[in-house]
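J.: just need the structure, nothing else, for what follows:
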Amino acid sequence: MIGKLKGLVDSVGDDIVHLDVGGVVYEAHCSTRTLSALPQVGHATVLHIEMIVREDMIRLYGFASEAEKL
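T.: Residues are numbered from 1 along each chain as shown. The predicted model follows:
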């Protein structure tokens, strides 16, 4: 299970962020609130992660804080 990711913001989309963690880029779906709290591309950040595993997909949801995740 993935609980938190620390890395560099690689790119930001409408509802996703790509986070480069040691050369592996993770895609996390985020709220507008979380996306607006992110630093600029190339800067370090931390995302609290909720990982959803289903039979047909694995999806990461990112949150700016542990409180927002709850």
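J.: when you work out contacts or count neighbours from here on, use the C-alpha atoms and nothing else.
T.: Will do.
J.: show me what the strand ranked longest in the chain pairs with in its sheet, parallel or antiparallel.
T.: Under DSSP state E, the strand in the chain containing the largest number of residues is strand 44-54. Taking DSSP bridges as the criterion, strand 44-54 pairs within the sheet with strand 4-12 (antiparallel), strand 57-63 (antiparallel).
J.: quick check: mean pLDDT across the longest one?
T.: Throughout strand 4-12, pLDDT has a mean value of 98.
J.: check the offset of the helix or strand of the chain with the lowest mean pLDDT from the chain's centre.
T.: For the chain, the helix or strand with the lowest mean confidence is helix 66-69, at a mean of 89 (criterion: mean pLDDT, DSSP states H and E). Between the mean C-alpha location of helix 66-69 and the chain-wide mean there is a distance of 13 Å, by CA atoms, centre = their mean, to the nearest Å.
J.: fine by me, we can end here.
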